[in-house]
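In: Pasted the sequence and its predicted model underneath.
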Amino acid sequence: MTTPETLPANRTATAESKPSKIDMGDMGLKFANLEDAFRFAKYVSVSGLAPKGMDKPETILVAMQSGMELGFSAMQALQSMTVINGKSSIYGDAAMALIRSKKCFKYKIEKWEGTIKDGTRKVTITLVRDGQTPISRSFSIEDAKRALLWGKSGPWSQYPERMLGYRALAFAMRDGFSDILKGVAIAEEDYSAKKEKNITPEVQISDPRAMQLLESETTGNDRNASFIDVGSAERQ
């Protein structure tokens, strides 16, 4: 049975015990283990450069992992992923970029009809995949009204045409490239379904080992145990 004494939270920055170095590769930092990844998440958290709603290291780590499983580097994952209502989602632009990077993708076609003014605006997105029947999906103002989206505050009021396009694109991507997206939700769809709220909700942690790790990282009682301060000790 693992004892608290073996956890990273109890390690101190001494000459005999220093954190392992994190190597750099073509895609940036290369994490050898969970400890390295969490250490990096701490750096992102205190840097002030974390995306909105990802100020906690735990959320940053989960978002990074979600994106890295899709093939992004750590920083690409943070820029491409968001957490809405407790689940990871990918932004539409990032999802399309991921699909475009695959050899199976051939091309994309957009067809716009009608106008916003007369309420007939409709977009059809067609994605063509090598060796398969093209996937075409549409979304219109009528569809948005039926889903109670049209006129909602936020993106649907500020960028209605773009949201129509994202909705059609999301359907096409999920239906035609589900093996690449691996079931990850498209962020613009989540924004559509609900107001952008409850992002990165407070998580109740019951595992005493996790609590011990977090306490050592977030309190100043033993600053030598903090990965961030360990890094500072290395540079001195």
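Out: Nice, I can see it.
In: And the pLDDT for the nearest residue to Lys103 once chain neighbours are set aside?
Out: Closest residue to Lys103 apart from its sequence neighbours, by Cβ to Cβ, 6 or more residues apart in numbering: Asp130 at 7.3 Å. C-beta coordinates here come from the backbone N, C-alpha and C atoms, glycine included. Asp130 is assigned 95 on the pLDDT scale.
In: Begin at 152 from now on, thanks
Out: I'll keep to 152 as the first residue from here, and by that count the last item is Asp281.
In: next one: phi and psi at Asp281?
Out: phi -60, psi 120 (degrees, to the nearest 10).
In: Tell me where the protein has helices.
Out: Counting by DSSP state H, the segments of the chain that form helices are 185-198, 208-221, 225-231, 243-251, 292-297, 306-309, 311-327, 329-332, 338-344, 359-369, 378-386.
In: Quick one: closest of the ones you listed to Val274.
Out: helix 311-327 (4.9 Å; Cβ to Cβ).
In: which other helices and strands contact that closest one?
Out: With contacts taken as 3 or more Cβ pairs under 8 Å, 6 or more residues apart in numbering; DSSP states H and E, helix 311-327 sits against helix 243-251, strand 273-280, strand 286-291, helix 292-297, helix 306-309, strand 336-337, helix 338-344.
In: export it as PDB, just CAs?
Out: Extracted in PDB, the C-alpha atoms of helix 311-327 (Å, rounded to 0.1, in the frame of the first residue of the first chain):
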ATOM      1  CA  PRO A 311     -24.900  34.900 -35.700                       C
ATOM      2  CA  GLU A 312     -23.500  33.900 -39.100                       C
ATOM      3  CA  ARG A 313     -20.300  32.500 -37.700                       C
ATOM      4  CA  MET A 314     -22.300  30.500 -35.200                       C
ATOM      5  CA  LEU A 315     -24.600  29.100 -37.900                       C
ATOM      6  CA  GLY A 316     -21.400  28.000 -39.700                       C
ATOM      7  CA  TYR A 317     -19.900  26.400 -36.700                       C
ATOM      8  CA  ARG A 318     -23.000  24.500 -35.900                       C
ATOM      9  CA  ALA A 319     -23.100  23.000 -39.400                       C
ATOM     10  CA  LEU A 320     -19.400  22.400 -39.300                       C
ATOM     11  CA  ALA A 321     -19.600  20.600 -36.000                       C
ATOM     12  CA  PHE A 322     -22.300  18.200 -37.300                       C
ATOM     13  CA  ALA A 323     -20.200  17.400 -40.400                       C
ATOM     14  CA  MET A 324     -17.000  16.900 -38.400                       C
ATOM     15  CA  ARG A 325     -18.600  14.700 -35.800                       C
ATOM     16  CA  ASP A 326     -20.400  12.600 -38.300                       C
ATOM     17  CA  GLY A 327     -17.500  12.300 -40.800                       C
END
